[in-house]
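1. Just need the structure, nothing else, for what follows:
(4 chains)
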Protein chains: 2
Amino acid sequence: MRKLAFTPEVLELIAERFKALSEPARLQILQCLRSGERTVTELVDETGFGQANVSKHLQHLFNLGFVRRRKEGLFTYYSLAGKSVLQLCDTMCGRLEAEMKVRNRMLAG
Amino acid sequence: MRKLAFTPEVLELIAERFKALSEPARLQILQCLRSGERTVTELVDETGFGQANVSKHLQHLFNLGFVRRRKEGLFTYYSLAGKSVLQLCDTMCGRLEAEMKVRNRMLAG
DNA sequence: TTTATACATCACTATACAGTAATATAGTAG
DNA sequence: CTACTATATTACTGTATAGTGATGTATAAA
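-> This is a model prediction of the structure:
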């Protein structure tokens, strides 16, 4: 199995996926899904965002393969498509902590 | 050492950092830096982007702690601030490969 | 059938930002 | 000093998209 080369075309696809994670609303939705699948209405209630807004964000995340969905009667249950999304968030959060540590050290020193 | 909680405020900071990686031009610049530090002009030549454009992208990456810089005479040498950026790109690339594999399977099946 | 619920989609507005040309700043050379 | 080079910054334009209200669609219940 060959690794993809970082050609400009591949970088564009990668950028598109990072962009999906560059919205606080979508990140918040993903964090809600950390503990299991949710209906759209549940996500609306938990996040406080509008229904149309949440629905659009979910479509976006679904199209890029970040979440799965399952229809059951009137409801659509969304869930995480894998753990790598959370891993990305955690890695970025680690960067953030490191950044803050540096900042604090500069204030102290 | 405590882990940061994913509050809306923290998610906003994380989103801001993902957004920095959501631009093909910035990703391409980061990939150029994979093999070592570069001056702005070198990056302009390697990427083909305009000088002002590259300079702005580098400021952006610097402000968020993704790259370091070192001034020497007329030149400013930029380099990666750590390996986690590349790790993020690689993880996202892995996701992309998996996505493509699923797509191919659907076409075949 | 009608009514209600859950979700998706459309049309619109406002905002953010990538790219660019021009200019500013700062260091070097003559 | 002047002239040149490397980088940063400013002002502007075009484009993408988040959010919203209204509407559409599908399922369930009465």
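
2. Can you pull the residues of chain A lying near chain B?
-> A:3-4, A:6, A:8, A:10-19, A:21-24, A:26-28, A:31, A:64-65, A:82, A:84-85, A:87-89, A:91-99, A:102 (Cβ under 8 Å from any Cβ of the partner chain). C-beta: built from backbone N, CA, C; applies to glycine.

3. Which residues outside whichever strand or helix holds A:Leu88 are in contact with it?
-> Secondary structure from DSSP states H and E places A:Leu88 in helix A:84-108. Helix A:84-108 is contacted by residues A:21, A:27, A:30-31, A:34, A:66, A:80, B:3-4, B:6, B:10, B:13-14, B:17-18, B:64-65, B:82, B:84, B:87-88, B:91-92, B:94-95 when judged by Cβ atoms under 8 Å, 6 or more residues apart in numbering or on different chains.

4. List the ones among those that fall in helices.
-> Among the contacts of helix A:84-108, the residues falling in helices (DSSP state H) are A:27, A:30-31, B:10, B:13-14, B:17-18, B:84, B:87-88, B:91-92, B:94-95.

5. for the nearest residue to A:Lys19 once chain neighbours are set aside, what are its contacts?
-> Counting by Cβ to Cβ, 6 or more residues apart in numbering or on different chains, A:Lys19 lies nearest to B:Ser22, which is 3.5 Å off, once chain neighbours are set aside. Taking Cβ under 8 Å, 6+ apart, we find B:Ser22 in contact with A:15-16, A:18-19, A:21-22.
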